[in-house]
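Asks: Would you be able to build a 3D model of this:
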Amino acid sequence: MAYVIVSTCESCGECVEVCPTESIYNIKDNAAWPTHYINPETCIDCGACVAVCPTESIYYEDDVPAEYEADIEKNEAFYAEGPGADLI
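Replies: Predicted coordinates for the structure are as follows:
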């Protein structure tokens, strides 16, 4: 996994618009999966999403602040067992 969107995401969608590989997903109006998630299989580590995030909610996995480390697991779960499992 390269980049992770943490729980401060407000789902504005600017990251989705700039992603050249269409690796960012959101399941609208789903309380179990409230933010956007980056597909670790298709992300090319370009950082375009980081540059446009107005809430500064996107971090390289190794740089995720300690208080948001659970969001790394949430992103992984989205693609392993959640709605994103069908996208990989």
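Asks: in terms of contact, does Val18 touch Cys49 like I think?
Replies: Yes: between Val18 and Cys49 there is a contact at 6.2 Å, judged by Cβ atoms under 8 Å. The C-beta positions use only the backbone N, C-alpha and C, and glycine is treated the same way.
Asks: Count the residues that sit near Tyr59.
Replies: Residues lying near Tyr59 (other Cβ atoms under 10 Å) number 18.
Asks: picking that back up, which of Val18 and Cys49 has more residues huddled nearby?
Replies: Set Val18 next to Cys49 and count neighbours by other Cβ under 10 Å: Cys49 wins out with 23 against 15.
Asks: Let me see the confidence value for the closest residue to that one other than its chain neighbours.
Replies: Of all residues not flanking Cys49 in the chain, Cys15 sits nearest, at 3.8 Å (Cβ to Cβ, 6 or more residues apart in numbering). pLDDT, Cys15: 96.
Asks: next one: Glu81
Replies: For Glu81, the predicted pLDDT is 84.
Asks: Can you give the contact residues for the host helix or strand of Cys49?
Replies: Element membership for Cys49 (DSSP states H and E) is helix 48-52. The contact list for helix 48-52, computed with Cβ atoms under 8 Å, 6 or more residues apart in numbering, reads 3, 5, 14-15, 17-20, 24, 38, 58-59.
Asks: before we move on, what about stretch 57-75?
Replies: Contacts of stretch 57-75 with the rest of the structure, by Cβ under 8 Å, 6+ apart, involve 1-10, 15, 35, 37-38, 40, 45, 49-50.
Asks: nearest residue to the residue nearest to the spatial centre of the chain other than its sequence neighbours?
Replies: With distances taken as Cα atoms, centre = their mean, Tyr37 lies nearest the centre of the chain, 2.8 Å away. In space, not counting the residues next to it along the chain, Tyr37 is nearest to Phe78; the distance is 4.3 Å by Cβ to Cβ, 6+ apart.
Asks: Since that was my last question, I'll sign off now.
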